[in-house]
Structure formats: C-alpha cells, structure tokens
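Asks: quick one: sequence plus predicted model below, questions after.
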Amino acid sequence: MMARDVHGMYAMVDCNNFYVSCERVFDPALEGRPVVVLSNNDGCVVARSPEAKALGIVNGEPVFRRKSFFVRHGVRMFSSNYALYGDMSARVMQVLSRFSPDVERYSIDEAFLCFPALARDRLLETAGRIRLAVRQWTGIPVCVGMARTKTLAKLANHTAKRMPGGGNCLLDDAAEIEGCLARTPAGEIWGIGRRHARFLHEHGIETALDLARRPREWVRRHLALPGLHTVMELNQEPCIPFERNPPPVRSLMCSRSFGTEVADLGSLEEALSTRVQQAAAKLRAKGMAAGAVQVFVETSRFRSEAYAGDSGCAVLPAPTSFTHDLNAAALQVLRGIYRPGFAYRKTGVLLLDLISEGCRQLHLFDAPVVREGPRKALMAAMDRVNAVHGRGTLVLASSGFGAKPWHMRQTRRSPRYTTRWAELPVVR
DNA sequence: TCTGGGGTCCTAGGACCC
DNA sequence: TCTGGGGTCCTAGGACCC
C-alpha cells in the first residue's frame, strides 16, 4: 500500500436521492414535490425525494399497497430508468476525477476519493468545491464525508446528509469522532447489517461507540473478520483497501421478475434466452468468457402456495462468450429443473468461472482456427447493431416472436434523455 | 392483480487423500 | 472389543453492500 493510502484522507461522495435527482435534472417541475422511483417491474420503492420521506414512505415498500396514499398526496412515481441513471453516474464520476487521480467508483451513486493529508480548512474547502462542481456540471446534488478510514468517511457522509443545509463533514478529531459514534446506532454503520445489528442489540451494544469499544477477540469471534475490520476502522485504523482499479468481476448475473405468472416451459425458455443474450453481451463488453452457466427459476416468495426455487449448473467444454453456446447450455439446464404445475415469477442466469478472453484455454477438439473468427465477427456484428439501434434489435429466435406476457411491467419510465436521439429533452 | 437486481467475501463442513 | 490424524479443495449458505 502506498504512503498516501495510509496517511491520507478518504472522501466519500454520495449523490443525494440519486435516482430521484436524475429525474429532476430533466424535469424541474418535480422540484419540491414528493417523488419516488420504483424497482424493476414497478414493484417497490427504491428511491425517495425528501418530500416523499417526510410523508413516511419507506424504501422497499410495495407500491400496490400504498397506491391510494400515493395518489392522495400527489406522489409522482417513476419506473426505474437505468439507461439514464447509468449515464448520469458516468458524468458525476467524470467530474470527481478532476479532483483526485484516485477515484474508486463504489456504486452507481457513490465514490471514494483519496487525498493527501491536507490541513483541515483545505480539506473542507475541497469538499465544498466538489459539491459545487458536481451540482453545476451535472445537476446532481451530493454530500461529502471525509475521514482517515473508509468506514469513518461513510459515517461522515451519513452525518453530512443529516445536517440541515450542510453537505460536508470532516471527522478527523478523536473527541469529535467519539461524539459522532455515540450518536449513531450500531446498525447504521457500514458493514453492520440487520442480522449483526440484532445480535449486537441482544448483547447490549446499541451505539457505534459501544461497538468500537468491544474487545477485538470478541468481535472477531462473533462478527468474523469483516466485523473486526469495521471495528478497527471505527478506531481510525485503515483496513479496507482503496481500490482504484477494481479487480475483474468473478460472476455476472442477469435476471428479471415476470410481469405475470408463467407456467409453461416455452415461455420460460423465451424469457431465459432473453436474459442469456443480455448476459453474454455484458460478458463480451468486459472482454471475458464464462466457464460455467447456472440457471434458476423461482415462484413468488409472497404467495401461500408451495414455493419452488430450483437451480442447475452446466460446465462448458471450454470458456466462451459465444451467445449460442451459452444459450444452448442454459436452456438445457432449464429443461432439467423445470417442474410443470408451478406459477413461476422469475428466471435468470448466472455466468461463472469468468476469465479474461485473452487468456482462455481453447478446447482441444473445437477446431478453434476455423470457428473462432466467424463467431467473433458474428458477435461483434450483433453487439454493434444492438448498441446502435437499441438492445433487443437483433436477437436469437429462441427469445420468441409473439406477445411476451412475461415482460416486466414498466409503465412509468421517463425518456432516456441522454442516450437516445429520439428521446432528447425538448426545450420550449 | 401487484413485493428488484446484481454483486462480494467468509466460514463451516463434507469429500477426498495419504 | 478395539477403528487416527491431518491436510487440501470445493461448495453451499449466510452475511454484507448498493
């Protein structure tokens, strides 16, 4: 680890109500009104404006249960628009990269930045400039938290978000950190999930400060290694590495709930094939190949009827990113795990044992010289067509031709303002 | 009628081997 | 009657994150 990682400062930059903010950038009329963004299939709430939070709407709440409440309070609802959010995220990250060469994109709406140890006022000034620049150049409001460890930087950000009209928080003073930990419930700390929070509560540990003061062996025994790292980081000892270049992904999943229940094998095959083609395109975009394919089907977890969740796996003769081979393997697995008589709600594919395309081992009897060229060209052509004309323009026949009742519901999606020529915002 | 999707890491325990 | 010990590898499941 380089010196600046050890002695430097981490900044955690987190977009405020990111999905809602993206919608507001292109529709200022949403400003000041309660707005929520829904999960895929318009299932439940995944993002809320402050006004929506003030109404008592909680994340993860199923929409259908609160429909009349939403209507009564004029809550604007949006289906999730990942084309828009992904593009806006890239713009935010672009701006952040002007403030530090060390940017770790942590999620679609968060990034860690690494700074050398500057004076307190210089750090706070930098935080202020970051917020201003991101706001001006992308339209997205952000908060900045700074501290010597990632866990404390997350906490600082969390604190910044709660400051009225604030937006920056620097936690570098021992007494100040202690005060902040004492005011924070243990379950709100990054790395302490629901299960651990309940466990801690049962043992009389309520605040982050209680947790930070537990003996290390006790933490190691009950919360395992990641828990120990969290506690060390709360005590200003950096354990969680800064990853400027994220390690290559090890698996890749593509799945969707259906818009309606699906019982027949034919429709399941169409739906699965659609997911496999998506996953294969993602795989190629990363320059990788998969060594194995896992498939799963699932009925609703919320119905009283018997639950069925089945999965199966196929190991490929050689790692590949060729859609046709992945598709054939996946469909074969599906036929093995399918059980008639169940009302399935979801299917998906998981590509495993990923390796870089460049260093993959070809199959001995696959005549690679003859077949690799045309296959690569075919996939490149498909990817190009789908990039230019939209996903799903050119597909395998196995994803079906007719009506697709299994398609997810998405009735309230805003235009893809920044990624489709036909959907550019119009200024009047 | 209607409840998301996509990742990572760690650990325990079984299989297997000598 | 009496039936070892220790190592590695793999997998499933559970925890976490957004």
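Replies: Arrived safely, thanks for sending.

Asks: all helices for the stretch 101-250 of chain A, in order.
Replies: Secondary structure of the stretch 101-250 of chain A (DSSP state H, counting those that start in this stretch): helices at A:120-138, A:150-162, A:174-183, A:194-202, A:208-212, A:216-234.

Asks: nearest to DNA strand C: which residue in the stretch 151-300 of chain A?
Replies: DNA strand C sits closest to residue A:193 of the stretch 151-300 of chain A, with a gap of 2.2 Å, by CB to the nearest atom of the strand. The way it works is simple: take the backbone N, C-alpha and C, and place the C-beta from them, glycine included.

Asks: need the contact list for that residue.
Replies: Residues in contact with residue A:193 (CB atoms under 8 Å, 6 or more residues apart in numbering) are residue A:187.

Asks: let's see the pLDDT reported for it.
Replies: Model confidence at residue A:193, given as pLDDT, is 97.

Asks: how close does it get to residue A:23?
Replies: Per CB to CB, to the nearest Å, residue A:193 is found 29 Å from residue A:23.

Asks: about what we covered before: how much space between the residue of the stretch 151-300 of chain A closest to DNA strand C and DNA strand B?
Replies: Separation of residue A:193 from DNA strand B (CB to the nearest atom of the strand, to the nearest Å) stands at 10 Å.

Asks: cool, residue A:141 as well?
Replies: 21 Å.

Asks: contact partners for that residue?
Replies: Counting by CB under 8 Å, 6+ apart, residue A:141 has contacts A:15, A:16, A:21, A:131, A:134, A:135, A:167.

Asks: which one of those residues is nearest DNA strand B?
Replies: residue A:15 (15.0 Å).

Asks: ok, the closest one - contacts?
Replies: A:21, A:92, A:109, A:110, A:134, A:140, A:141, A:142.

Asks: for the residues you listed, pick the one with the most neighbours.
Replies: residue A:142 (28 neighbours; other CB atoms under 10 Å).

Asks: does it have beta-bridge partners, and which?
Replies: According to DSSP bridges, the residues that bridge with residue A:142 are residue A:15.

Asks: get me the contact residues on chain A for DNA strand B.
Replies: A:39-41, A:43-44, A:46, A:60, A:62, A:64, A:224-226, A:247, A:249-257, A:261, A:282, A:300, A:302-303, A:345-346, A:348, A:408 (CB under 7 Å from any atom of the strand).

Asks: from these, which would you call buried?
Replies: Among the residues of chain A next to DNA strand B, those classed as buried by 16 or more other CB atoms under 10 Å are A:39-41, A:43-44, A:46, A:252, A:254-257, A:282, A:300, A:345-346, A:348, A:408.

Asks: mind listing which of these are in helices?
Replies: Using DSSP state H, residue A:282 are the members of those that sit in helices.

Asks: point me to the residue of the stretch 301-428 of chain A nearest DNA strand C.
Replies: Closest point on the stretch 301-428 of chain A to DNA strand C, by CB to the nearest atom of the strand, is residue A:313, at 7.2 Å.

Asks: check contacts around that residue.
Replies: A:292, A:293, A:294, A:295, A:333, A:352.

Asks: next one: stretch A:125-133 to chain centre, how far?
Replies: 25 Å (CA atoms, centre = their mean, to the nearest Å).

Asks: where does residue A:66 land in three-state SS?
Replies: What DSSP: H, G, I helix; E, B strand; the rest coil gives for residue A:66 is helix.

Asks: ramachandran angles for the nearest residue to it once chain neighbours are set aside?
Replies: Distance criterion CB to CB, 6 or more residues apart in numbering; nearest residue to residue A:66, sequence neighbours excluded, is residue A:57 at 7.2 Å. Backbone torsions of residue A:57, given as degrees, to the nearest 10, read phi -70, psi 130.
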